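In: my questions are about this predicted structure, shown below with the sequence.
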Amino acid sequence: MKRFAYELSESWKIAVAQMRSNKTRSTLTALGVIIGIVAVTLMGTAIGGIQVGFDKSMAIFGDDVLYVSQWPWKRVDDWWNYRDRKKIKTEYAEPINRIIAATPSSNLVIAVPTSSLLRSVKYGQSEVSNVLIRGTVSDYLITSTFEFKEGRFFNDIESRGGANVCVIGYDVADALFPSESPIGKSVLINGQPFRVVGVISRQGTFLGLFSLDSIVVMPLPAFQKYFSAKSDSDILVKVKDKTRLAEATDELTGVMRRVRGLPPEKKDDFSINEQQALKSTLDPIKNSIAIAGLFVTGLSLFVGAIGIMNITFVSVKERTREIGTRKALGARRRTILLQFLIESTSLCLLGGLIGLGVAYIMCTGISKAFPSFPIEFSLALVLVSMAVSILTGLFSGFAPAWTASRLDPVAALRYE
Amino acid sequence: MSLVTTSGLVSPLVIDIENITKDYVMGEEIVHALRGVSLQIRSNEYLAIMGPSGSGKSTLMNMLGCLDTPSSGRYEFSGRDVSAMSDDELAAIRNREIGFVFQTFNLLPRADSLRNVELPLVYAGIDSDTRRERAAHVLREVGLGDRLHHKPNELSGGQRQRVAIARALVNDPSIILADEPTGNLDSKTGDEIMTLFENLYQRGHTIILVTHEADIAHHARRTVRLRDGLIESDDGDLGGVGILPTPDRLEADVPAYR
């Protein structure tokens, strides 16, 4: 073992000397690996960024909230069976909450009705279109994760009384009130004034598709008074113990069947959705993007590896006499094998380190220039890149190193 | 038969070759490079192996240097049978017992003198401080104390060959095997190198020269001539007579003398 460590360190010294004396060749060869590692690392950061963005988007739904909706959160082939389902009504919340309250062992906490549609929001001369207008009750806060940039959520009295108050999302506040605080100002929706009581802090986008900050939340009675037509309603139900989500789903299904008065022989005419189900629908898409990306960039690394293999073969050929001399002086097969393996590996490792550095600089640049672009540079990625570089070196160096170690010393010494 | 020296001691046998042959397959033909050579070389001999090209001289040198194994026959190096050794065992013998000096020097072009001389010690697994010290010591002995950090291309031909000789000496080998050591040098520099070999011989080293030049072979005390894979003549073959050992050599090699 000690002997092996000795040989490793000696081979390392030889490899470094070799790289330094062949600077141009080493640089050009390493370039292949550098490009490969940069490509793989950038792809890795992009995939990491997508993952983080994905998780962040998913977190919006809360991992302890069930959504009672007309449609399931997955692709359905028999959409006509769902289209004719009865709409979910916000009124269901009340009987659901009654049943929850009457069931001491219930795993459900509270049901919150929500109703939403898209409208324009105006203030003075400014207007924002396609804003998600959502009517709900003050308990909505229990099922949500957002925080307030300023102000507050509407209270219970405003909620029940259907006061013309609202809470606006970050983007809405930004567009309508660029230089003043929106608190206390009234925005116009459908020509109706709503007094702003709070601004939700920035939520970002959902999978980069649409902004979660383009939203206005108001008391449900007020919403129903002005926008009752064509709105979609869901019931949000908070779960007590999120490790028993399946049980909670079963319980809620039972409750909903009671509320809807479904006879036992009839199928459910509603869907109970949760974050996890959505995740498992979207995960395969995300994974295939990741695999395809890594495969394509992996090819560039493979080309780099072939370059290293080629140059190591050339190096073995060129240094045949040197190998003969080394063997004559007592180098064993393993020593020669190790020497060339370490040469190719350190070349790859050098390329890998430079590649990582370049990738890091590029990542920093990209995230400075496009803050919304998902990029995630992690320690794990650094370690993986290093491991990939070393493996590339071993892979590309093995065949030439093996050839070198098998050279006949007599023939090698005589080689011209 | 062995000759007894004046002090009543026989210098020990280093190389004992008995009837070795070596065949090569060249295309369809089999070339018999050695057809049955027997040779005994004792410690502190100075021997030249001569012969025209194709005589089997190089093949014999490769055998003696443990770079190759015979097709048949027996080869004992310091009492150990090397004819059936594995590649790695042969590498160990070459590393510890044989110092090679090549016609073309075969120095590593990008390493300085010190690093070149250190190389056999690297393969012997010696730590770097000891290596450095021993390499510098041997370089000073061959007169290159002021050229430790010169690279081969900064040295003259004679100096390069001195570095190579230092490299051959650094592991304190049983024999020094020199293949046309003056072949790439002018005659004056060649003479200097031959003087160096003479000094080494005087100090107790065993030297085997392989050459086709008679005046180089003339420096040796014994000449073996090869022709067509057989020994044609051997002027010193007194059944493996050793040359009179010098006192320091006796102390080093013959513990019984003390």
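Out: Ah, there it is.
In: strands of chain B, start to end?
Out: Using DSSP state E, the strands found in chain B span residues B:13-26, B:29-42, B:46-50, B:72-77, B:80-81, B:98-101, B:175-179, B:207-211, B:222-227, B:230-234.
In: which elements pack onto the shortest one?
Out: In this case it means strand B:80-81. For strand B:80-81, there is no helix or strand it packs on, judged by 3 or more CB pairs under 8 Å, 6 or more residues apart in numbering or on different chains; DSSP states H and E. The C-beta positions use only the backbone N, C-alpha and C, and glycine is treated the same way.
In: tell me which strands that strand pairs with, and in which orientation.
Out: Paired neighbours of strand B:80-81 in the sheet (DSSP bridges): strand B:72-77 (antiparallel).
In: what's the spacing between the strand it pairs with and its chain's center?
Out: Averaging C-alpha positions (CA atoms, centre = their mean, to the nearest Å) puts strand B:72-77 17 Å from its chain's average.
In: stretch A:280-289 now?
Out: Averaging C-alpha positions (CA atoms, centre = their mean) puts stretch A:280-289 11 Å from its chain's average.
In: so what touches that stretch?
Out: The contact list for stretch A:280-289 (CB atoms under 8 Å, 6 or more residues apart in numbering or on different chains) reads A:47, A:50-51, A:54, A:73-75, A:207.
In: list the residues that contact the residue in the stretch 251-400 of chain A that chain B sits nearest to.
Out: Of all residues in the stretch 251-400 of chain A, A:Gly330 sits closest to chain B, at 2.3 Å by CB to the nearest CB. Listed by CB under 8 Å, 6+ apart, the contact set of A:Gly330 reads B:91-92, B:94-96, B:120, B:123-124, B:171.
In: and it, how close does it get to B:Pro173?
Out: According to CB to CB, to the nearest Å, A:Gly330 and B:Pro173 sit 10 Å apart.
In: tell me what the longest strand seen in chain A is packed against?
Out: Counting residues, the longest strand found in chain A (DSSP E) is strand A:108-123. For strand A:108-123, the elements it packs on are helix A:93-102, strand A:126-136, helix A:140-143, helix A:170-176, strand A:186-189, helix A:220-227, strand A:232-239, helix A:245-260, judged by 3+ CB pairs under 8 Å, 6+ apart.
In: tally of neighbours for A:Ser346?
Out: Counted with other CB atoms under 10 Å in any protein chain shown, the neighbours of A:Ser346 add up to 22.
In: in what helix or strand does the closest residue to it other than its chain neighbours lie?
Out: Closest residue in space to A:Ser346, ignoring its immediate chain neighbours: A:Ala15 at 4.7 Å, by CB to CB, 6 or more residues apart in numbering or on different chains. Using DSSP states H and E, the element containing A:Ala15 is helix A:2-21.
In: can you pull the buried residues of that helix?
Out: Within helix A:2-21, the residues that qualify as buried are A:7, A:10-12, A:14-15, A:18-19, counting by 16 or more other CB atoms under 10 Å in any protein chain shown.
In: ok, now stretch A:282-291?
Out: Buried residues in stretch A:282-291, counted by 16+ other CB under 10 Å: A:282, A:286, A:290.
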